[in-house]
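1. Return atomic coordinates for the entry below.
(one chain, ligands or ions: 1)
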Amino acid sequence: MPSKIKGTALVTGAAKRLGNMVAMHLAKQGYQIALHYHRSKSGAMSTQKAICKMGRRCELFCADLSIEAQALTLFAEVFKAFPNVNVLVNSASIFIPNQFGALDLGLFKAHWNINFKAPYILTCEFARLVQKGHVINFVDANAVKYKTGYADYLMTKKALLEFTRMAAVQWGPAIRVNGVSPGMILAPVNGQPDDRARRARQIPLCRTGNPRNILQSVQFLLENDYLTGQVIVNDGGESLI
Ligand SMILES: NC(=O)c1ccc[n+]([C@@H]2O[C@H](COP(=O)([O-])OP(=O)(O)OC[C@H]3O[C@@H](n4cnc5c(N)ncnc54)[C@H](OP(=O)(O)O)[C@@H]3O)[C@@H](O)[C@H]2O)c1
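-> The predicted structure follows:
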């Protein structure tokens, strides 16, 4: 493990699942971790313990990213605690099935606030306060498709994909903005159907992916400093068909 500190990474939704694995990976790579969570306090605390055991500093930041005021203050709080923050990973999101026409505006607002507005606000604040840094947005391989089963979710990821590219144009050269678009990596939560095995048989690589593949993409984006506005689609070819 590198002993030299490379800076600090704010990772949203980092108490569990992919965000958690990214936070652990970045800690191993030499970053201090500003670990954002919302409800998963125990996961956040045990991750903090594991990162501190590595000899890295890790502080916890609780924020409900569906609430604009909390999204607006989160980055300033992180910057105050870690003036060397230089990486932002926007991973927190919600993923709830719905179709246009149901007009569930509560769900519409929750998707937009958490999946798009929060990364937008955090990136703006990051670019305002950080002199040189890198933003990585978690998009979705399906963001280039037109499936309607998770309509509000998909619209927010389409917006995040385009925001990633436009933000790269606006904030270069000081800030690089890239993304990762996972395909079938982890099973959905909250009792949603897990039909990945069946769907995976129909994609070019005929299998689901592994979180390790996502960490490899994150690492590649971090290391290749001539990349900005790029979103690596890690989906076994799913988005091609
Ligand atoms: N998993 C996959 O295979 C896959 C596929 C395609 C795209 N992605 C994208 O990759 C990213 C990570 O995926 P994942 O499946 O690991 O994530 P996830 O389990 O869907 O969610 C990650 C975290 O988002 C946080 N979150 C939810 N509502 C929040 C709120 N109101 N305020 C603040 N945080 C909130 C939760 O934090 P707490 O638990 O602390 O409340 C949760 O742990 C997401 O952006 C997702 O869209 C994942």
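
2. use CA for all of it now, contacts and neighbours both
-> OK.

3. how long is stretch 229-241 from one end to the other?
-> Stretch 229-241 has its terminal residues 24 Å apart, counting by C-alpha to C-alpha, to the nearest Å.

4. next one: stretch 61-72
-> 13 Å.

5. quick one: average pLDDT of it?
-> The average pLDDT within stretch 61-72 is 98.

6. Is there proximity between it and the ligand?
-> Yes. Stretch 61-72 reaches the ligand (C-alpha under 6 Å from any ligand atom) through 63, 64, 65, 66.

7. Phi first, then psi, for residue 150.
-> The phi and psi values for residue 150, taken as degrees, to the nearest 10, are phi -130, psi 60.

8. follow-up on the earlier one: ok, and the most crowded of the residues of stretch 61-72 next to the ligand?
-> residue 65 (26 neighbours; other C-alpha atoms under 10 Å).

9. For residue 132, see how far away residue 83 is.
-> 12 Å.

10. out of the two, which sits in the more crowded spot?
-> Set side by side, residue 83 and residue 132 show more neighbours around residue 132, with 17 against 14, by other C-alpha under 10 Å.

11. Tell me if I'm right that that one and residue 177 touch.
-> No. Contact criterion C-alpha atoms under 8 Å: residue 132 and residue 177 do not qualify, at 11.3 Å.

12. near the ligand, which residues of the protein show up?
-> Checking the chain against the ligand by C-alpha under 6 Å from any ligand atom, the hits are 13, 15-19, 37-40, 63-66, 91-95, 114, 138-140, 182-186.

13. how does it look with 5 Å?
-> Where the chain comes near the ligand, counting by C-alpha under 5 Å from any ligand atom, the residues are 13, 17-18, 37-40, 64-66, 91-93, 138, 140, 182-186.

14. Can you tell me what sits against the lowest-mean-pLDDT helix or strand in the chain?
-> Every helix and strand in the chain was compared by mean pLDDT, DSSP states H and E; the lowest is helix 196-200, with a mean of 93. Helix 196-200 has contacts (C-alpha atoms under 8 Å, 6 or more residues apart in numbering) with 184, 187, 206, 207, 208.

15. and what of stretch 79-98?
-> Under C-alpha under 8 Å, 6+ apart, the answer for stretch 79-98 is 7-14, 18-19, 34, 78, 110-111, 114-115, 119, 123, 126, 129-130, 132-138, 148-153.

16. Please apply the same query to stretch 168-181.
-> Counting by C-alpha under 8 Å, 6+ apart, 127, 131-141, 161, 164-165, 167, 214, 217-218, 221, 227-235 sit against stretch 168-181.

17. For PyMOL, write the select line for the buried members of the residues you listed.
-> Per 16 or more other C-alpha atoms under 10 Å, the buried members of the contacts of stretch 168-181 correspond to this PyMOL selection:
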select buried, resi 127+132+133+134+135+136+137+138+139+140+141+161+164+165+167+214+217+218+221+228+229+230+231+232+233+234+235
